[in-house]
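S.K.: Got a predicted structure here, sequence first:
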Amino acid sequence: MTHSWPAGAVTHGDIALALADNDPSRMLEPTAEQRLVIEAPPVPSLVMAGAGSGKTQTMVQRIVWLVAAQGVHPTEILGLTFTRKAAGELRDRVQLALARLRSEGLVGGDEFATPEVSTYNSFANRVFSENALLIGQEPDARIVDEMTAFALMRNVVLASDDTRLSSLDLQLSAITNLALNVARAMRDNQLSAAACNAFVAEFRRVGDLPGRGKANTPSKPVVDAVATLNELPIFVALAERYQLEKRKRGLIEFSDQVTFAAEICATTPAVVEELRIRHRFVILDEYQDTSVGQTRLLGTIFGDHPVLAVGDPKQSIYGWRGASPGNMRRFHGDFRSRIVPPAEEPTFQLSISWRNDAKILDAANEVASRLPEASDPGVTQLGKRPGAGDGQVSLSFPETLDEEADAVAAWMRERIVIEGERTPPSGAVLLRARKLLPLFSAALTRAGVPN
């Protein structure tokens with residue numbers, strides 16, 4: 001069984017020529033892989049997009065193709081990504097592309113009609129604010145900043161009469177931070193206090209299992225893990241009280257937006273139906289970093305809907321706040337289509353790196369091959385682009401941090417500071433911890449590298 005679109009009057013060549021300002025020498029027609037993504041059928045579809053594989057450009061072309069070749073109204077398309085910067089970039093590129101197509105007569109209609117592009121949290125907030133009264137919440141609830149959240153949780157800790165707090169060998173600030181982290185983790189993963197406490201009770205049984213070795217007792221890491229988790233119910237209780245205090249004061253956090261929006265959609269089918277009609281086609285960017293709560297919300301609204309989710313499990317960076325590359329594996333289950341058999345659920349690849357040369361790709365693939373996600377179905381190594389150079393990978397292992405910073409600065413100076421260049425090349429230094437920023441910044445400054 002196949003699921004494809006009817007042939008349209010506007011071709012990829014027409015679109016590519018218009019986007020190149022009618023200059024054939026600048027035309028960038030989609031590759032075979034990209035065409036499959038751009039023409040993905042109107043069913044839930046997953047795209048494994050490696051680093052530097054032209055993901056953003058392909059998403060722009062997908063949107064443009066829907067409008068120009070399939071007659072979809074721009075306002076019927078929803079694009080979601082993580083940061084405001086990424087959303088702004090995607091929005092600008094789509095608007096520029098549509099403007100060029102309109103100038104060539106390939107797209108008609110209102111010149112101000114554009115797709116809705118926003119962050120995942122902004123979308124959740126819109127769903128919440130438009131329907132908050134349905135679950136007894138105030139639509140104009142104030143979003144608390146980090147300082148206010150800390151102060152509120154600190155008050156909760158100070159007001160607590162839980163005698164178990166005295167058993168914690170921690171300062172007030174540490175208890176407050178831990179309780180705040182637990183509260184947010186519970187919201188991100190939509191976990192109740194009862195579920196958390198039940199997990200702790202179940203995990204305690206691990207400490208009763210026989211260990212290996214002569215003493216037949218659990219190993220120290222197991223004993224330490226059980227002891228640490230035994231303290232979790234204390235913080236769960238504080239987290240519950242914190243949520244009550246926020247509600248009493250009309251305050252919400254970003255994680256609350258997702259949770260409340262999911263609650264609205266789970267209990268009010270009319271809201272879901274209105275959102276599905278409003279957003280006929282959906283593109284989900286950086287899908288590997290969506291949290292459990294975001295995935296549930298989106299699956300509730302857009303299950304069995306024309307959703308194109310783009311991501312790379314090797315690039316998952318938000319595990320600390322509930323994201324999991326396993327979201328990619330679960331995509332087709334979360335957005336199950338009623339017309340496509342499981343064996344035919346579309347999964348596409350963008351596997352050509354347009355950014356890196358051969359040796360850099362070899363090194364990156366070697367590192368990435370050790371990730372657990374590298375063995376997931378559909379995940380492949382990045383391949384080099386046509387005409388890619390050999391590239392160069394440099395390795396240095398200085399004895400001290402100061403020497404490392406100076407070595408990095410010298411390396412960057414050779415490549416960034418070019419006398420007479422009005423627009424010198426740019427570069428980036430990735431650091432292991434935020435506290436290292438001043439040290440490396442100072443070294444770059446001493447070397448004459450703007451940073």
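M.R.: Good, I have the coordinates.

S.K.: what about the helices in the stretch 351-451 of the chain?
M.R.: For the stretch 351-451 of the chain, helices defined by DSSP state H, counting those that start in this stretch occupy the ranges 358-368, 401-416, 437-446.

S.K.: buried set for the last one?
M.R.: Looking back up the chat, that one is helix 437-446. For helix 437-446, a neighbour-count test (16 or more other C-beta atoms under 10 Å) marks 440-441, 443-444 as buried. For glycine as for every other residue, the C-beta is placed from the backbone atoms N, C-alpha and C.

S.K.: Please apply the same query to the first one.
M.R.: By neighbour count with 16+ other C-beta under 10 Å, helix 358-368 contains the buried residues 360-362, 364-365, 368.

S.K.: the longest helix in this protein is where?
M.R.: helix 84-103 (DSSP state H).

S.K.: hmm, who's touching that helix?
M.R.: 15, 18-19, 21, 56-57, 59-61, 63-64, 67-68, 74, 79-81, 107-108, 111, 114-115, 117-119, 122, 285-286 (C-beta atoms under 8 Å, 6 or more residues apart in numbering).

S.K.: Which of those residues fall within strands?
M.R.: Of the contacts of helix 84-103, the ones assigned to strands by DSSP state E are 79-81, 117-119.

S.K.: So for the longest helix of the chain, mean pLDDT?
M.R.: What helix 84-103 shows for mean pLDDT is 94.

S.K.: what's the offset of it from the middle of its chain?
M.R.: 20 Å (C-alpha atoms, centre = their mean, to the nearest Å).

S.K.: mind listing what's buried in it?
M.R.: Buried, per 16+ other C-beta under 10 Å, within helix 84-103: 86-87, 90-91, 93-95, 97-98, 100-102.

S.K.: Between those residues, which sits nearest residue 327?
M.R.: Nearest to residue 327 out of these is residue 86 (C-beta to C-beta; 17.7 Å).

S.K.: Could you tell me how far the closest one is located from residue 79?
M.R.: 10 Å (C-beta to C-beta, to the nearest Å).

S.K.: Now list whatever residues contact both of the two.
M.R.: residue 285.

S.K.: give the contact list for the most centrally placed residue in the chain.
M.R.: Centroid-nearest residue in the chain: residue 289, 3.2 Å away (criterion: C-alpha atoms, centre = their mean). Residues in contact with residue 289 (C-beta under 8 Å, 6+ apart) are 82, 311, 315-318, 323.

S.K.: So which of those residues are in strands?
M.R.: Going by DSSP E, the strands hold residue 311 from these.

S.K.: Select only the buried ones of the contacts of residue 289 in ChimeraX?
M.R.: Buried residues among those (16+ other C-beta under 10 Å), as a ChimeraX selection:
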select :82,311,315,316,318,323
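
S.K.: Neighbours of residue 227, how many?
M.R.: As a burial measure, residue 227 scores 10 neighbours (other C-beta atoms under 10 Å).

S.K.: And for the one 10 residues further on?
M.R.: Using other C-beta under 10 Å, residue 237 is surrounded by 20 other residues.

S.K.: Do I have it right that it meets residue 165?
M.R.: No - counting by C-beta atoms under 8 Å, residue 165 is not a contact partner of residue 237; they are 9.5 Å apart.

S.K.: Out of the buried residues of helix 437-446, which two are the most distant from each other?
M.R.: 441 and 443 (7.3 Å).

S.K.: on that earlier part again, quick one: the helices of the stretch 351-451 of the chain as a markdown table, columns for mean pLDDT too.
M.R.: Converted to a markdown table, the helices of the stretch 351-451 of the chain look like this (pLDDT from 0 to 100):
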| stretch | mean pLDDT |
| --- | --- |
| helix 358-368 | 93 |
| helix 401-416 | 94 |
| helix 437-446 | 97 |
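
S.K.: so which of those comes closest to residue 380?
M.R.: It is, among the helices of the stretch 351-451 of the chain and with distance given as C-beta to C-beta, helix 358-368, at 9.8 Å.

S.K.: what sits up against that closest one?
M.R.: Contacts for helix 358-368 (C-beta under 8 Å, 6+ apart): 51, 314, 353, 356, 374, 381-384, 388-393.

S.K.: List only those of those flagged as buried.
M.R.: 51, 314, 353, 356, 381-382, 384, 388.

S.K.: nearest to residue 204, of the residues you listed?
M.R.: Comparing those against residue 204 with C-beta to C-beta picks out residue 314 as the nearest, at 35.3 Å.

S.K.: Tell me if I'm right that that closest one and residue 371 touch.
M.R.: Yes - using C-beta under 8 Å, residue 314 is in contact with residue 371, at 5.6 Å.

S.K.: for the protein, what spans make up the strands?
M.R.: Using DSSP E, strands in the chain cover 45-49, 77-81, 116-119, 142-143, 251-252, 281-284, 307-311, 347-350, 352-353, 383-384.

S.K.: List of residues touching the third one?
M.R.: By that I understand strand 116-119. Against strand 116-119 from outside (C-beta under 8 Å, 6+ apart): 75, 77-84, 86-87, 90-91, 94, 126, 279.

S.K.: quick one: average pLDDT of it?
M.R.: Mean predicted lDDT for strand 116-119 stands at 97.

S.K.: Off-centre distance for that strand?
M.R.: Distance, centroid of strand 116-119 to centroid of chain: 13 Å (C-alpha atoms, centre = their mean).
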